[in-house]
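> Compute the structure for the input listed below.
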Amino acid sequence: MDAPVTTALARHITEAKNRPLSPEIADRAKQHLLDSLVAMISGSTLRPGKLAIAYAESRGGTGESSIIGGTRTNPELAAFANAMCAHADETDDVNNRARIHPGASIVPAAVSIAEALDSRGSELLAAVSLGYDVAGAVNVGAWRTMEAMDQSPRTSHGLGQTFGAAAAAAFLSGLTMEQNRHVLSYSAQQVAGISTIYRDPEHIGKAFTTAAHQAHAGVRSVELVRFGFTGVHDTFDKSPNVFDAFGEEGSVDRMLQDLDQTRHVTKTDIKQYPIGGPIQPAAQALEHLINTESLRADNVRSIEVRLPPFLAYIIKDRPMPDINLKYIMSILLLEGRITFDNSHDYERFYSEPVKEIMSRVRVVGDPDLVPTDEYIAENGRAWRAIVTVETRDGRTLTERVDACRGAGSNPISWDRLSTKAHMALLGIMTEGQIDDLIKWVQDVDTASSTRDLTTFLATPTANG
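Numbers count the residues shown, from 1 in each chain. Here you go, the predicted model:
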């Protein structure tokens, strides 16, 4: 069959079992697995997650895979519901190089299949790493430049994450290379999404378009092929192909080169705070000034936050507290720290005292903070911010952050990630359960069965 590109991608998925993860990649994959599980479980308490769980429970199923809260259903529906939970807010990870939220789609897809097939922990970890690589490479190949990706009316999440979720699920299912070509065919037919997601006021449609649709589509592609469905074998080769329909000036050579050379778990950011990604460097900068300069809400006259223009637009005046920069700056001044609870508190978001503090925060789009291609090549596409505080006693304090903690180029430590897990999950799980979850993920490569995860997914108050 004359389909060299599709065959190469299918072979990469099929032969992943022969490519052991290096200690560094395995460790980073474990961090992203844990971070995504934290996002899934914490997101089950939010409206998008609750809706998704109720929807999945209303549909029934064969009981092969767990939904957060304990109900069991088929793998596709479990992947869908758990992915909605994973991106119910902005706790999950982000790959800025490929402009995707990989963990929110890939981990729920991988977990649903791993549980259904009773895969080993090492297989789950390898599937997650593979899914990140495929998702990132497809997007890097699809768009000629980062600017083109940013400005595309087609959402970048709809493309790479669909193939990443499918790759992870296909690997765990042990499909042949010929079957994986068909998986790619069905995945291509389900690629979808437009960039209206940033206008979603409740994050429900965004959770669907940025995570759940892809997890469901990826798992469904694999389940169809496992059942015997066949499709075209050259979805990345002959025209019309994937890049004809999605992307801009796509290059299959660029995709395959990235697939060969880049491990995307090392290019993906873990957010140190459970808030919107573009706010991360500004929050870190202000937190540093609070700790070093004893800043409080009553001694700050004004705050100016400079961000790349596109990112400033995303988080300037959003109607959700965890993705509204002015609110997060205000909460930091009031409490000195960001927690899952205070960053999701709608009552405080609309309170008059907080609105007054928010009025002192100015957000400025600064073209000079847009990273050049040379900067990206050397440092990655990290979020950047400059925060300037004017105090009531006449001081001017400035802090700049170019690669915040958790960025691919500045990895988060296990201690900080554990702190985030406890902060996000306490009240849903006990301290002991959280510690056990962290330990299980750290030792996942020795786990004989991924069904052990069911204990953590079925936490009694996760859907409360």
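> Please make it C-alpha for all contacts and neighbour counts, starting now.
OK.
> for this protein, which spans come out with low pLDDT?
Scanning the chain for pLDDT under 70 picks out 1, 377-380, 460-464.
> do that again at 50, thanks
When residues are selected by pLDDT under 50, those of the chain lie in 462-464.
> per-domain residue ranges of it.
As recorded under automatic domain parsing, the domains making up the chain are 4-266, 277-401.
> Deepest in the core, which of these is it.
The highest mean neighbour count among those, using mean count of other C-alpha atoms under 10 Å, belongs to domain 4-266: a mean of 23.
> any idea how far residue 116 lies from residue 190?
23 Å (C-alpha to C-alpha, to the nearest Å).
> circling back: nearest to residue 432, out of the domains of the chain?
Among the domains of the chain, the nearest to residue 432 by C-alpha to C-alpha is domain 4-266 (14.7 Å).
> how far does the closest one sit from the chain's center?
Distance, stretch centre to chain centre, for domain 4-266: 10 Å (C-alpha atoms, centre = their mean, to the nearest Å).
> on that earlier part again, export the domains of the chain as CSV, with columns for distance to residue 411.
What follows is the domains of the chain, written out as CSV (distance: least, C-alpha to C-alpha, whole Å):
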stretch, distance to residue 411
domain 4-266, 8
domain 277-401, 12
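> out of these, nearest to residue 430?
Nearest to residue 430 among the domains of the chain is domain 4-266 (12.7 Å), distances taken as C-alpha to C-alpha.
> hang on, the earlier thing: which stretch among the domains of the chain comes nearest residue 428?
Among those, the nearest to residue 428 by C-alpha to C-alpha is domain 4-266 (7.4 Å).
> sorry, back to before: the domains of the chain: which one's closest to residue 408?
Closest to residue 408 of those, according to C-alpha to C-alpha: domain 4-266, at 5.4 Å.
> Can you check the distance spanned by that closest one, start to finish?
Using C-alpha to C-alpha, the two ends of domain 4-266 sit 28 Å apart.
> which residues of the stretch 301-450 of the chain fall in helices?
Applying DSSP state H, counting those that start in this stretch to the stretch 301-450 of the chain gives helices spanning 309-315, 325-335, 346-349, 352-358, 373-379, 414-425, 431-442.
> again with the stretch 101-250 of the chain
Along the stretch 101-250 of the chain, counting by DSSP H, counting those that start in this stretch, helices occupy 102-117, 121-142, 146-151, 156-173, 177-190, 204-207, 213-227, 242-245.
> check contacts around residue 291.
Each residue near residue 291 by C-alpha atoms under 8 Å, 6 or more residues apart in numbering is listed here: residue 336.
> out of everything not next to it in sequence, what's closest to residue 218?
residue 166 (3.8 Å; C-alpha to C-alpha, 6 or more residues apart in numbering).
> Is the one you found in contact with residue 223, as I believe?
No - in this structure, residue 166 is not within contact of residue 223 by C-alpha atoms under 8 Å, at 9.7 Å.
> Look up how far residue 209 lies from residue 167.
Using C-alpha to C-alpha, one gets 19 Å for the distance from residue 167 to residue 209.
> what's the answer for residue 449, then?
On the measure of C-alpha to C-alpha, residue 449 and residue 209 end up 31 Å apart.
> next one: residue 220
16 Å.
> now residue 447
Noted for residue 447: a distance of 33 Å to residue 209, by C-alpha to C-alpha.
> so where does residue 82 fall, helix or strand?
Using DSSP states H and E, residue 82 sits within helix 75-86.
> List the contacts of residue 191.
Listed by C-alpha under 8 Å, 6+ apart, the contact set of residue 191 reads 158, 159, 162, 214.
> What of residue 328?
Taking C-alpha under 8 Å, 6+ apart as the contact definition, residue 328 lies against 283, 321, 322, 338, 343.
> ok, which pair from the residues you listed is furthest apart?
Farthest-apart pair in these is 283 and 321; separation 13.6 Å (C-alpha to C-alpha).
> re the thing from before, okay, the helix holding residue 82 in CSV with CA atoms only?
Extracted in CSV, the C-alpha atoms of helix 75-86 (Å, rounded to 0.1, in the frame of the first residue of the first chain):
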residue,chain,number,x,y,z
PRO,A,75,-15.0,3.0,27.8
GLU,A,76,-16.1,5.7,25.3
LEU,A,77,-18.6,7.2,27.7
ALA,A,78,-16.3,7.0,30.7
ALA,A,79,-13.6,8.7,28.7
PHE,A,80,-16.0,11.4,27.7
ALA,A,81,-17.3,12.1,31.2
ASN,A,82,-13.9,12.0,32.9
ALA,A,83,-12.5,14.3,30.2
MET,A,84,-15.3,16.8,30.8
CYS,A,85,-14.3,16.7,34.5
ALA,A,86,-10.6,17.1,33.6
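> now it against helix 213-227, angle please.
Going by axes from the mean of the first three to the mean of the last three C-alpha atoms, to 10 degrees, helix 75-86 is angled at 170 degrees with respect to helix 213-227.
> what packs against helix 75-86?
With contacts defined as 3 or more C-alpha pairs under 8 Å, 6 or more residues apart in numbering; DSSP states H and E, helix 75-86 has these neighbours: helix 23-43, helix 47-59, strand 65-66, helix 102-117, helix 204-207, helix 213-227.
> circling back: any chance of the contacts of residue 191 in TSV, plus distance to residue 176?
Shown next, in TSV, are the contacts of residue 191 (distance: C-alpha to C-alpha, whole Å):
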residue	distance to residue 176
158	25
159	23
162	19
214	22
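> Need the max-distance pair from the residues you listed.
Every pair in the contacts of residue 191 was compared (C-alpha to C-alpha); the two farthest apart turn out to be 159 and 214, at 8.2 Å.
> And the residue nearest to residue 414 when sequence neighbours are not counted, how far from residue 134?
Once flanking residues are discounted, residue 414 sits nearest to residue 31: 7.6 Å by C-alpha to C-alpha, 6+ apart. Here residue 31 is placed at a distance of 18 Å from residue 134 (C-alpha to C-alpha).
> Likewise for residue 16?
Applying C-alpha to C-alpha, the value for residue 16 to residue 134 is 11 Å.
> Over to residue 86?
20 Å.
> of the helices of the stretch 301-450 of the chain, which approaches residue 110 most closely?
For the helices of the stretch 301-450 of the chain, proximity to residue 110 was assessed by C-alpha to C-alpha; helix 431-442 is nearest, at 14.1 Å.
> Buried ones in that closest one, by neighbour count?
By neighbour count with 16 or more other C-alpha atoms under 10 Å, helix 431-442 contains the buried residues 433, 434, 437, 438, 440, 441, 442.
> got a list of contacts for that helix?
For helix 431-442, the external contacting residues (C-alpha under 8 Å, 6+ apart) are 27, 30, 33, 34, 418, 421, 422, 425, 426, 447, 456.
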